[in-house]
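>>> From the sequence below, what's the structure:
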Amino acid sequence: QKFSVRRTLRKSFSKFTSSGEDRAHLLLHMLQELMRNEAMYQTIRQRQRGEGDGSVLGTLEVPFEEFQSRARDRRIYDVADFCRSDEFSEAGYSFDEQRRIISRGQ
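Next up, the predicted model:
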């Protein structure tokens with residue numbers, strides 16, 4: 001009886017529970033947002049310096065701690081495993097553990 005109740009409840013609430021895949025998509029979205037903000041900041045800085053039109057940006061870098069902090073705001077406490085995952089690298093990101101920087105080439 002306990003198992004049938006558990007199965008019924010799982011089925012009913014399955015759309016509200018998060019899976020590892022959902023977490024990875026959320027983290028990728030957060031990382032994309034951080035990179036977009038960094039790209040905007042770099043573009044503005046280039047324009048203020050008078051270094052062209054800002055259309056060519058090199059590698060974008062975001063501090064790991066900033067990404068980790070954003071993840072904690074969403075109650076995701078372990079992002080190091082995500083930074084070593086296939087989804088992370090397939091999206092074009094790399095993690096420098098020594099410098100504690102997440103980077104992506106443009």
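>>> Which elements pack onto the helix ranked longest in the chain?
Secondary structure of the chain per DSSP state H: the longest helix is helix 20-49. Secondary-structure packing of helix 20-49 (3 or more CB pairs under 8 Å, 6 or more residues apart in numbering; DSSP states H and E): strand 60-63, helix 64-73, helix 80-83, helix 86-90. C-beta here means a position set from N, CA and C on the backbone, and glycine is covered the same way.
>>> L27: which of the ones you listed is closest?
helix 80-83 (5.1 Å; CB to CB).
>>> mean confidence score for that closest one?
What helix 80-83 shows for mean pLDDT is 91.
>>> buried stuff in it?
Going by neighbour count (16 or more other CB atoms under 10 Å), the buried part of helix 80-83 is F82, C83.
>>> got it, and stretch 27-45?
So for stretch 27-45, counting by 16+ other CB under 10 Å, buried means L27, L28, M30, L31, L34, M35, E38, Q42.
>>> How confident was the prediction at the spatially most central residue of the chain?
The centre of the chain sits closest to L31, judged by CA atoms, centre = their mean, with a distance of 2.9 Å. Per-residue confidence (pLDDT) for L31: 96.
>>> Name the nearest residue to it, sequence neighbours excluded.
F67 (6.2 Å; CB to CB, 6 or more residues apart in numbering).
>>> and that neighbour, what is it in contact with?
By CB atoms under 8 Å, 6 or more residues apart in numbering, F67 lies in contact with M30, L31, L34, V79, I102.
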